[in-house]
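*Asks:* Got a predicted structure here, sequence first:
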Amino acid sequence: MNKKFIIGLIILSVCLFLATSVYSFRQAAQNIDLPIVGKVNDFQLIDVNGKELTLVDLRHKVWVVNFFFSTCSDICPMMTKNMAALHRSYKMLDDVAFVSITVNPENDSPSTLGEYAKKYQADTAQWHFLTGSREAITELMVRNFKLGSSKEPIFHSSKFVLVDRKGQIRGYYDGTSTEDVQKLFRNIAILIKEKHQ
């Protein structure tokens, strides 16, 4: 057989495989219905620029939230690395946001969080690093997101939480698990598409 013909067959096979995979993924995405598992109440926290950020600022956005602290050497670096990967993937979309809230506000001032954000090359217009009063953070973490403990809030959860444009919680994902983060990546895309349905 002609070498060019064989190469052509290989290229055609790869193209057909990719087209089938993309179609299958789109079909699967259309058939997935993410449940509503809770609702986020309004909150007021402070970003790296010292400006207040509230639930209203995230209205009409699909967003992912996690809780961490800047001096954590346990699960936080892995969680932040995975959040950074999601952030890079959706960086060009204005209707997607990421929110990382400290559970150690006594140490994590806006400027401290700003330095932490730089280490991960975060665009803080889209990836918000927030602090505030311990009471406000504990209220949000424990009562709204059902994570952690009011007795020991610094021992926070490894979960990422997916929130839709209406402030409804649509899923929990292990922020240290590659498989869960990949699932979250796909589910963000599903919620983006909900806008057009």
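*Replies:* Yep, that arrived. Residues are numbered from 1 along each chain as shown.
*Asks:* So which elements touch the helix or strand that contains residue 179?
*Replies:* Assessed by DSSP states H and E, residue 179 sits inside helix 178-194. Contacts defined by 3 or more Cβ pairs under 8 Å, 6 or more residues apart in numbering; DSSP states H and E place helix 178-194 against helix 3-31, strand 62-68, helix 76-89, strand 159-163, strand 168-174. Using the backbone N, CA and C atoms, a C-beta is placed for each residue, glycine as well.
*Asks:* repeat that with 6 Å
*Replies:* Judged by 3 or more Cβ pairs under 6 Å, 6 or more residues apart in numbering; DSSP states H and E, helix 178-194 is in contact with strand 62-68, strand 168-174.
*Asks:* how much space between the spatially most central residue of the chain and residue 71?
*Replies:* Against the mean C-alpha coordinate of the chain, by Cα atoms, centre = their mean, the closest residue is residue 64 at 3.0 Å. From residue 64 across to residue 71, the span is 22 Å (Cβ to Cβ, to the nearest Å).
*Asks:* just residue 157 next, same as before
*Replies:* For residue 157 relative to residue 71 (Cβ to Cβ), the value is 18 Å.
*Asks:* In terms of neighbours, single out the busier of the two.
*Replies:* residue 157 (21 against 12; other Cβ atoms under 10 Å).
*Asks:* The residue nearest to the centre of the chain against residue 100, yeah?
*Replies:* No: between residue 64 and residue 100 there is no contact under Cβ atoms under 6 Å: 9.3 Å.
*Asks:* The chain - how does it break down into domains?
*Replies:* 1-31, 38-194 (automatic domain parsing).
*Asks:* Could you tell me the least trusted of those domains?
*Replies:* Of all these, domain 1-31 carries the lowest average pLDDT, namely a mean of 51.
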